[in-house]
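S.K.: need a 3D model of the sequence below.
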Amino acid sequence: MSSQREGAAAQAPAPAGDSPAARADWLRAELERHNYQYYVLDAPSVPDAEYDALFRELQDIEAAHPDLLTLESPTQRVGGQPLSAFDTVRHAIPMLSLNNAFEDEDVVAFDRRCAQGLGRTAPAEDTADLFGSADAVEYASELKFDGLAMSLRYEDGRLVQAATRGDGETGEDVTVNVRTIKAIPLRLRGAAPAVLEVRGEVFMYRREFDKLNARQAEAGEKTFVNPRNAAAGSLRQLDPRITARRPLSFFAYGLGELQGAPRPDTHSAMLDWFAGLGMAVCAERAVVRGAEGLLDFYRGVGERRASLPYDIDGVVYKVNALAEQERLGFVSRAPRFALAHKFPAQEMTTVVEDIEVQVGRTGAITPVARLAPVFVGGVTVTNATLHNEDEIRRKDVHIGDTVIVRRAGDVIPEVVAVVPERRPADARAFVMPTTCPVCGSHIEKLEGEVIARCTGGLICAAQRKQALLHFAQRRAMDIEGLGDKVVEQLVDLGIVHTPADLYKLGVAKLAALDRMADKSATNLVAAIEASRETTLNRFIFALGIRHVGEATAKDLAKHFGKLDGLLAADEAALLEVNDVGPVVAQSIANFLAEPHNVEVIEQLRAAGVHWQESEPAARAAPAPLAGKTFVLTGTLPTLSREDAKEMLEAAGAKVAGSVSKKTDYVVAGAEAGSKLEKAEALGVPVLDEAAMLALLAEIQTGDQG
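M.R.: Numbers count the residues shown, from 1 in each chain. Okay, the predicted model is just below:
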């Protein structure tokens, strides 16, 4: 920042009489006005010395008259006492993620989907004729900042809460730290609504990042890799006084909860409204029409990216009209009306020295390339994800290969491609292990999935913490007080290895944990004791079997009535359960085929975990096409793909997206492509629409007979 607060902002006259209260009010207003000019408008209004004199005068008045001190005072931005931990905040409206685009074609497809969803004349797949037409969708285009997402809650114009995005549903309460950020108003300007949640990004300007790193180095302290890490680390300090010394900034870009004021009609109008309330809003934004306008904005920003004063990793497109956003809605926890268009990542070449596999918290087996160290995206990279076995085969990565490695922002480095001409004679192909390197359980890869997984969910050390947290959650065994911090210690100290070990815990052992007093330990033991009495569906859900959610757990409990019936069931018996298809049945069968998992279940029963059992539900006659897999390809003469799928599924068939040896029939229409060719190569029977309808009619006649 400049050492001179220069500008043309008019100074309000000092109050007559100069009582301490009146003087303090005037000083606060002046300091906040200067802060707004300096941090939000980037147009300083007074020299630093004059600002500092006003600030010291206000400090003196508040020290002499403590009753005049308010939370909104500029003097309170310096940070208070350290916190022991951050509390959890549930967002009134979830903070969702955005789907990403990396190619122009992704943006064109996004525009087409929006146009179709809004009933507009959508551009044809091979033309851009309508991109600039009056019928084209209007979008608000903005920058995608490389910082930390934040939700600010104002009530009657006062900042009452600030929370990180977290998992989108819940975040961390960082209000004390956010109050130290001078770019964020403690009070909104003008007429404020009863409740206003402003979503935005906390970040650090590059110039401030450089100064911070210089100070860190001079003090002999650790420097930061990039502005994003510096911003995130600064905001999550338990000591707000440290946050106060870090030069954090903020840009508003979204709306959460709103009460007591009409919502603006468009996203762009909403940002203008935010600016009028005193929020910092980035000026690098535009309203454009159609895919052509989106791509023009993207390219223009890309050309200026290096000269921007902050880091960005792409741009964001949002349908401008908020009513149209509501019409488009959401899919898979992401809005249909918005898209993040990422810039190309930084890339370097290096050598794959080995390929190992890592076991994730959910059992996912991820191949990881061990690399000769290479400096990419501001850090030295020695490992890179290879995602899955199919990706290794597709990219043809061998141990010993020279590869291109990409790293973008905080994203895990990945191997993008092999440099084939540099492959040495002794390069070796990767072989996926068949057993988990952590617990020795079988590794499964279900049909239609690309991720291989360890089946030792209840005993695998890599999955232990996740398994325990899932087991204890409210909708499962409902063990209140068994949260992340406690589970972390119980596992790291080797006290708990499986969920059954929870029922051996006593007050003394729990009270010895960090930040666990006798009362908390007593309450947790009581909660564990209470969880011994549960229901069969809760217990099944608590086991954490892949693809078995609450609804499926209820169906399993109702169908089998008793746990022993489920334990004895094979895949065929599981397929008789309502809404259990081949993938779910295989997942359950694989889980129960692991002796370690069954052993833990028996240990839980031996520990006194019990439930009311019932007789199995009456078995319904199997659907006529149950167990049969169909694949649809090409354009059918009279039926849409969706209609044909519904008819087949109504008869009990599974409709898959790809052809394999397990496919029973392929239904082919006009212009059928590679799926038809693969079916013919594998000898899979091929039906046309008429033959499919005849088969369904024959089955229906047989049922009636």
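S.K.: got a pLDDT number for A85?
M.R.: A85 is assigned 69 on the pLDDT scale.
S.K.: show me where the stretch 151-300 of the chain has helices.
M.R.: Using DSSP state H, counting those that start in this stretch, the helices of the stretch 151-300 of the chain run over residues 175-178, 206-218, 227-235, 240-244, 267-276, 290-304.
S.K.: closest to Q37 out of those helices?
M.R.: helix 267-276 (13.5 Å; CB to CB). C-betas here are computed from N, CA, C, even on glycine.
S.K.: from the chain's centroid, how far away is that closest one?
M.R.: 26 Å (CA atoms, centre = their mean, to the nearest Å).
S.K.: which strands or helices does it pack on?
M.R.: strand 138-145, strand 249-259, helix 322-328 (3 or more CB pairs under 8 Å, 6 or more residues apart in numbering; DSSP states H and E).
S.K.: and the helix or strand containing K465, C-alpha only, in CSV?
M.R.: Using DSSP states H and E, K465 falls within helix 464-472. Output in CSV follows, covering the C-alpha atoms of helix 464-472 (Å, rounded to 0.1, in the frame of the first residue of the first chain):
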residue,chain,number,x,y,z
ARG,A,464,-10.2,-45.9,10.5
LYS,A,465,-11.0,-42.2,11.3
GLN,A,466,-13.6,-41.9,8.6
ALA,A,467,-15.2,-45.2,9.6
LEU,A,468,-15.5,-44.1,13.2
LEU,A,469,-16.9,-40.7,12.4
HIS,A,470,-19.5,-42.3,10.1
PHE,A,471,-20.3,-44.9,12.7
ALA,A,472,-20.9,-42.2,15.4
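S.K.: quick one: mean pLDDT over that helix.
M.R.: Model confidence over helix 464-472, given as mean pLDDT, is 92.
S.K.: help me confirm that I93 comes into contact with V198.
M.R.: No - contact criterion CB atoms under 8 Å: I93 and V198 do not qualify, at 11.8 Å.
S.K.: neighbour count winner among the two?
M.R.: When I93 is set against V198 and neighbours are counted by other CB atoms under 10 Å, the residue ahead is V198, at 26 against 13.
S.K.: so what's the residue count around T434?
M.R.: For T434, the neighbour count with other CB under 10 Å is 9.
S.K.: re the thing from before, which neighbours do I93 and V198 have in common?
M.R.: G256 (CB atoms under 8 Å, 6 or more residues apart in numbering).
S.K.: does the nearest residue to A101 once chain neighbours are set aside count as helix, strand or coil?
M.R.: Using CB to CB, 6 or more residues apart in numbering and skipping the chain neighbours, the partner closest in space to A101 is H341 (4.6 Å). Assigned state for H341: strand (three-state reduction, DSSP: H, G, I helix; E, B strand; the rest coil).
S.K.: residues contacting H341?
M.R.: The neighbourhood of H341, defined by CB under 8 Å, 6+ apart, consists of 100-102, 106-107, 144, 294, 298, 314-317.
S.K.: list just the nearest of those residues to A461.
M.R.: N100 (32.9 Å).
S.K.: excluding chain neighbours, what is closest to the closest one?
M.R.: Sequence neighbours aside, A340 is the residue nearest to N100 in space, at 5.1 Å (criterion: CB to CB, 6+ apart).
S.K.: ditto for K654
M.R.: Nearest one to K654, counting by CB to CB, 6+ apart, is T629 at 4.9 Å.
S.K.: hang on, isn't that neighbour packed against A656?
M.R.: Yes - shown here, T629 and A656 form a contact pair, counting by CB under 8 Å, at 5.3 Å.
S.K.: where do the contact lists of the two overlap?
M.R.: With contacts taken as CB under 8 Å, 6+ apart, the residues that reach both T629 and A656 are T663.
S.K.: the nearest residue to Y139 once chain neighbours are set aside pairs with what?
M.R.: What sits nearest to Y139 in space, not counting adjacent residues and going by CB to CB, 6+ apart, is Y317, at 5.0 Å. Using DSSP bridges, the bridge partners assigned to Y317 are S141, L339.
S.K.: ok, now which ones touch E550?
M.R.: E550 makes contacts with 475, 537, 541, as judged by CB under 8 Å, 6+ apart.
S.K.: so the last one sits in a strand?
M.R.: If I follow you right, that is F541. No - assessed by three-state DSSP, F541 does not belong to a strand; its assignment is helix.
S.K.: just give me the neighbour total for the closest residue to F430 other than its chain neighbours.
M.R.: Spatial nearest neighbour of F430, chain neighbours left out: I355 (4.6 Å); criterion: CB to CB, 6+ apart. If you count neighbours by other CB under 10 Å, I355 ends up with 21.
S.K.: just checking, A291 touches R113?
M.R.: No - with contact defined as CB under 8 Å, A291 does not count as touching R113 (10.8 Å).
S.K.: so those two - more neighbours on which side?
M.R.: More crowded of A291 and R113, by other CB under 10 Å: A291, with 27 against 17.
S.K.: now A585, nearest residue through space, not along the chain?
M.R.: Counting by CB to CB, 6+ apart, the residue nearest A585 is L574, at 3.9 Å.
S.K.: so what's that neighbour up against?
M.R.: L574 makes contact with 580, 584-585, 588-589 under the criterion CB under 8 Å, 6+ apart.
S.K.: between the residues you listed, which is closest to A650?
M.R.: V580 (16.6 Å).
S.K.: buried ones in the strand or helix carrying K558?
M.R.: Secondary structure from DSSP H and E places K558 in helix 550-560. Buried residues in helix 550-560, counted by 16 or more other CB atoms under 10 Å: 552-557, 559-560.
S.K.: sounds good, over and out.
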